[in-house]
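K.L.:
Curious how this folds, go ahead:
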Amino acid sequence: MCGIAGIHGEIGGIDTQEVASKMLEKLTHRGPDAQGVFVSEEIVLAHRRLSIIDLSVSSNQPFTNSSGRFSLVFNGELYNYKELKSQLNYNFTTNSDTEVVLAAYEEWGADCCRRFNGMFAFAIWDKVEKSLFIARDRMGIKPLYFYNSNNLLVFASEIRALLESGLVPKKLNKNALIDYVRYQTVHAPETIIEGVEMLPAGHYIKICADELETGKYWSILDNYSQRSQTQSRAEIKHNIRSLLKKSVERRLVSDVPFGAFLSGGIDSSVIVGLMSEVAENNVKTFCVTFEEEEFSEAKYARMIADKFGTTHQEIKLTPNDFLKDLPFALSAMDHPSGDGPNTYVVSKATKEAGVSMALSGLGGDELFAGYDIFKRSLDLESKKFLNSFPKILRQLGGGLLKTFRPSVATDKINEILKGDRIHFEYTYPVSRQVTMDNELIKMFNREQLPKNAVFSHLNNNVGVGSSGISLPVLSKVSFAEMTTYMQNVLLRDTDQMSMAHSLEVRVPFLDHELVEYVFGISDAIKYPNYAKQLLVESVGDLLPPEIVQRPKMGFTLPWEQWMKGDLKSFCEERIEKFAKRQEVNEDYIMRNWDSFLSGHKSIKWSKLWYLIVLENWLTENEIE
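P.N.:
Just a heads-up that it's a prediction; the model follows:
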């Protein structure tokens with residue numbers, strides 16, 4: 001795992017060494033083991049290395065092949081590199097996956113991405129063709145940001161490295177600001193910085209002779225498997241277990257100590273159980289525990305640790321531990337997010353225990369219908385009869401419900417009933433929305449809001465006439481969850497918070513072969529009568545009944561108390577500064593802040609906290 005950066009185009013007037021040094025300085029936490037810079041004609045490639053596979057200096061980057069034609073910077077891991085290595089007619093000089101990426105591109109060109117199983121973002125310069133090729137993994141696990149203007153393309157693993165280059169204007173993306181307040185994140189390809197884009201998952205960029213080509217080499221909608229349609233439930237469960245075990249086994253390739261996050265929930269317990277079957281050495285596991293017994297997952301994590309004989313470490317935390325680390329967690333954010341400090345604290349403790357790579361259960365809920373929204377979406381499908389009612393009657397019903405039973409839930413029901421028709425690509429964006437549009441109109445000095453990014457994304461991909469229309473409903477929800485909330489919040493937070501401590505996190509549930517298979521499974525087979533039923537049945541021998549039947553834990557940090565006490569001056573300074581921004585209605589923001597301080601129940605701490613986080617990030621990074 002590493003940090004990469006680069007510049008392509010007319011670099012003659014740029015002090016390339018100085019710019020590269022500045023960008024690498026911002027990426028030090030991603031790769032403390034080595035750094036390097038490659039400069040040639042119209043290209044700069046820069047790299048910070050976190051050594052995980054082949055720790056020798058011969059695998060340092062930028063990496064150039066023996067002929068000198070191709071040079072590479074690579075962030076991530078290629079899990080099937082040994083398999084690919086045996087297929088390539090190439091004189092290898094290292095044991096690294098890095099060299100396999102370069103050899104694969106030399107042999108297969110852009111098609112190499114379809115052969116890779118891993119998480120990655122990389123850039124390859126072809127000296128002969130004078131072309132630059134940049135690609136990102138299928139599931140969007142590793143980030144890649146770029147800015148393209150004035151005959152220059154600047155790219156990096158982090159936005160802050162782009163900003164540090166001095167080549168990217170530090171301007172707020174005003175439409176993305178609305179997206180952030182709607183969903184507490186900005187959805188790719190947009191970012192909070194004007195002109196800076198995130199390369200979408202499963203995509204590549206190729207620049208040759210001043211022509212920029214963007215291509216898509218993989219999408220779940222074009223690649224999901226229909227094998228399960230002719231298979232029995234028993235066969236499907238067998239295949240899921242086999243694919244998941246293979247995924248875990250692939251992700252144990254490492255030349256450094258590794259472990260796993262273990263909460264004692266279904267997903268992390270499955271991963272640890274499979275690790276114990278395939279790992280050569282004793283597995284190390286880590287669990288965050290709390291003093292408040294009713295909120296602590298410790299006993300469930302210990303149950304799994306005892307079952308599989310792991311070397312288990314409990315990370316005991318108090319609310320004050322979070323409070324103490326909060327400034328560092330906020331400073332570690334590469335892109336503002338409404339969440340993330342939890343991952344920062346766990347990653348810090350894991351790294352301090354001597355582990356440089358850990359497996360996570362992230363993705364299990366999204367793939368195996370683990371959230372309530374899966375059932376709700378199926379239920380809404382059964383209520384399409386409401387479309388036969390005139391729109392004005394639906395609006396009247398929604399308005400009455402909102403008036404007599406005011407709540408966030410009735411606000412969303414009212415919004416759904418106001419639509420032209422009830423359909424998934426409209427109901428899902430509303431159900432996941434944090435701030436409703438009527439609030440946004442009051443909050444910002446705008447007569448019209450930009451299009452809802454989640455609605456546009458779903459309408460284009462699983463709406464009427466799209467390639468995803470034939471997906472099972474539960475798989476449509478999986479698609480929505482994975483390509484919006486998971487990619488733009490969970491994976492981004494995991495990457496930036498773990499890499500803040502030079503810790504690599506691998507996610508077996510997001511192996512593309514497993515994802516492709518599960519997406520094709522019918523709703524009748526996948527429907528969860530209880531949490532993630534199909535997953536539990538597929539690996540049932542791994543999970544004690546206590547884990548499957550355990551109650552949901554509801555530990556909540558005392559944010560409201562902090563924001564009115566220990567963090568009040570911090571929060572007030574930032575909320576006042578945010579309120580004074582040109583795009584914002586100052587009176588509306590400050591009224592909400594005053595209402596919150598006075599204990600008004602309609603103003604939740606979370607509605608203000610993510611604005612405070614945003615302003616903190618904008619201020620720290622000097623964004624206009």
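K.L.:
Taking the centroid of this structure, which residue is nearest it?
P.N.:
Nearest residue to the geometric centre of the chain (C-alpha atoms, centre = their mean): residue 491, 1.9 Å.
K.L.:
That one against residue 119, yeah?
P.N.:
No: Residue 491 lies out of contact with residue 119 (C-beta atoms under 8 Å); the separation is 9.3 Å. Heads up, the C-betas are built off the backbone N, CA and C, glycines and all.
K.L.:
Any chance you could list residues touching both of these two?
P.N.:
Common contacts of residue 491 and residue 119, defined by C-beta atoms under 8 Å, 6 or more residues apart in numbering, comprise 139, 141, 507.
K.L.:
What pLDDT does the model give the second one?
P.N.:
We have a pLDDT of 97 for residue 141.
K.L.:
got it, and the last one?
P.N.:
Predicted confidence (pLDDT) for residue 507: 97.
K.L.:
List phi and psi for the closest residue to it other than its chain neighbours.
P.N.:
Nearest non-adjacent residue to residue 507, counting by C-beta to C-beta, 6 or more residues apart in numbering: residue 362, 4.9 Å away. Main-chain torsions, residue 362, degrees, to the nearest 10: phi -60, psi 140.
K.L.:
Identify the residues contacting the residue nearest to the centre of the chain.
P.N.:
Residue 491 touches 139, 140, 141, 362, 507, counting by C-beta under 8 Å, 6+ apart.
K.L.:
Can you tell me the number of residues neighbouring the fourth one?
P.N.:
Taking other C-beta atoms under 10 Å as the neighbour definition, residue 362 ends up with a count of 24.
K.L.:
same check, this time on the third one
P.N.:
Look at residue 141: counted by other C-beta under 10 Å, it has 25 neighbours.
K.L.:
Surely it and residue 507 touch.
P.N.:
Yes: the pair residue 141 / residue 507 is scored as a contact, 6.3 Å apart, by C-beta under 8 Å.
K.L.:
can you list residues touching both of the two?
P.N.:
Shared contacts of residue 141 and residue 507, counting by C-beta under 8 Å, 6+ apart, come down to 119, 491.
K.L.:
Domain boundaries for this protein, per the record?
P.N.:
2-218, 223-367+487-549, 372-479, 559-620 (automatic domain parsing).
K.L.:
can you tell me which of those domains the model trusts least?
P.N.:
Among the domains of the chain, domain 372-479 scores lowest, with a mean of 77.
K.L.:
quick one: the top helix by length along the chain to chain centroid distance?
P.N.:
With secondary structure taken from DSSP state H, the chain has its longest helix at helix 233-250. With C-alpha atoms, centre = their mean, to the nearest Å as the basis, helix 233-250 stands 24 Å off its chain's centre.
K.L.:
Run through who's touching it.
P.N.:
Helix 233-250 is contacted by residues 79-80, 117, 227-228, 231, 270-271, 274-275, 277-278, 359, 508-509, 511, 513-514, 517-518, 521, 525, 534-535, 537-539 when judged by C-beta under 8 Å, 6+ apart.
K.L.:
Spell out the residue ranges of the strands in the stretch 1-150 of the chain.
P.N.:
2-9, 34-40, 43-49, 63-64, 70-78, 118-126, 131-136, 145-149 (DSSP state E, counting those that start in this stretch).
K.L.:
Would you list the strands that the first one pairs with, along with their directions?
P.N.:
Put plainly, it is strand 2-9. strand 43-49 (antiparallel), strand 152-156 (antiparallel) (DSSP bridges).
K.L.:
Tell me how many other residues surround residue 569.
P.N.:
Residue 569, neighbours per other C-beta under 10 Å, totals 9.
K.L.:
let me redo that: residue 531
P.N.:
18.
K.L.:
now residue 189
P.N.:
Neighbours of residue 189 using other C-beta under 10 Å come to 15.
K.L.:
Hmm, it is touching residue 197, no?
P.N.:
Yes: Residue 189 lies in contact with residue 197 (C-beta under 8 Å); the separation is 4.4 Å.
K.L.:
Now do the shared contacts for those two.
P.N.:
With C-beta under 8 Å, 6+ apart, residue 189 and residue 197 have no common neighbours.
K.L.:
ok so, going back, ok, so what distance separates the residue nearest to residue 507 from residue 286?
P.N.:
15 Å (C-beta to C-beta, to the nearest Å).
K.L.:
Secondary structure of residue 484: a helix, I assume?
P.N.:
Yes: counting by DSSP: H, G, I helix; E, B strand; the rest coil, residue 484 is part of a helix.
K.L.:
ok, it - contacts?
P.N.:
183, 187, 432, 454, 457.
K.L.:
For the second one, give me its contacts.
P.N.:
Residues counted as contacts of residue 187 (C-beta under 8 Å, 6+ apart) are 179, 453, 454, 457, 484, 488.
K.L.:
Wait, the fourth one touches residue 483, no?
P.N.:
Yes: because the distance of 6.8 Å satisfies C-beta under 8 Å, residue 457 is recorded as touching residue 483.
K.L.:
who's more crowded, the two?
P.N.:
It is residue 483, of residue 457 and residue 483, that has more neighbours when counted by other C-beta under 10 Å, with 25 against 19.
K.L.:
Name the next helix or strand downstream of the longest helix of the chain, please.
P.N.:
Per DSSP states H and E, the first helix or strand lying C-terminal to helix 233-250 is strand 258-261.
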